[in-house]
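*Asks:* What follows is a predicted protein model with its sequence.
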Amino acid sequence: MKILEAQNALLSNYEVYQFLAERQERLGKQKQNRRRGPGNLETLIHELLQYFRSPPGPLSQQPVTYSADAVTKLVERLRGFDLAKGELIMILNMRPQTPAQLHACIEEVEGRLNEDEQSQILDIVAEVLGQFPVEEAAEGDEMMVEGEEEEAA
């Protein structure tokens with residue numbers, strides 16, 4: 001393999017996920033033909049797909065709400081916020097739901113975006129990619145905090 005242009009494009013986790021899922025499907029067909037790729041390729045693909053599908057990752061939601069159209073639509077709708085490519089990729093990969101998560105995606109967010117713009121970005125992400133379900137563990141933690149408060153009173 002020869003690299004023609006270094007860092008010509010950035011890939012989101014979804015794009016890597018799609019590529020690997022297609023590659024795994026092709027490898028499954030090659031098994032029938034008794035052809036094999038490099039020794040650990042199947043293991044690597046399997047483990048990466050398992051990582052992408054495991055909670056709390058955004059691609060763990062079933063059915064997956066990401067699609068090529070959704071990625072394009074999200075990038076177009078966020079274009080007006082003057083975000084760098086890396087920041088857009090981080091937003092796609094992390095699917096932020098709270099201002100704290102958004103702060104992890106955007107460099108110097110406090111100086112660049114006001115609170116309304118930040119909430120607009122979070123609303124756009126939730127609208128285009130859907131709302132990510134709350135984890136049961138997080139709900140359990142909230143119930144414990146409420147119970148502790150009642151005991152203290």
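*Replies:* Looks like it came in fine. If you're wondering where the values come from, they're calculated on a predicted model, not measured in any experiment. Numbers count the residues shown, from 1 in each chain.

*Asks:* For Ile71, list the residues it contacts.
*Replies:* Small correction: residue 71 is Val, not Ile. Residues in contact with Val71 (Cβ atoms under 8 Å, 6 or more residues apart in numbering) are Ser12, Tyr14, Glu15, Leu92. To be clear about C-beta, it is placed using only N, CA and C from the backbone, and glycine gets the same treatment.

*Asks:* quick one: which of these is most hemmed in?
*Replies:* The most crowded member of those, judged by other Cβ atoms under 10 Å, is Leu92 (24 neighbours).

*Asks:* pretty sure that residue is in contact with Tyr14, am I right?
*Replies:* Yes - contact criterion Cβ atoms under 8 Å: Leu92 and Tyr14 qualify, at 6.6 Å.

*Asks:* gap between stretch 72-79 and the chain center?
*Replies:* Distance of stretch 72-79 from the chain centroid (Cα atoms, centre = their mean, to the nearest Å) equals 15 Å.

*Asks:* Pull out the buried residues from it.
*Replies:* Buried positions in stretch 72-79, judged by neighbour count with 16 or more other Cβ atoms under 10 Å: Leu74, Val75, Arg77, Leu78.

*Asks:* before we move on, what SS does the second one have?
*Replies:* In other words, Val75. Put simply, Val75 is helix when judged by DSSP: H, G, I helix; E, B strand; the rest coil.

*Asks:* Please tell me I have it right and it contacts Leu88.
*Replies:* Yes - shown here, Val75 and Leu88 form a contact pair, counting by Cβ under 8 Å, at 5.9 Å.

*Asks:* Since that was my last question, I'll sign off now.
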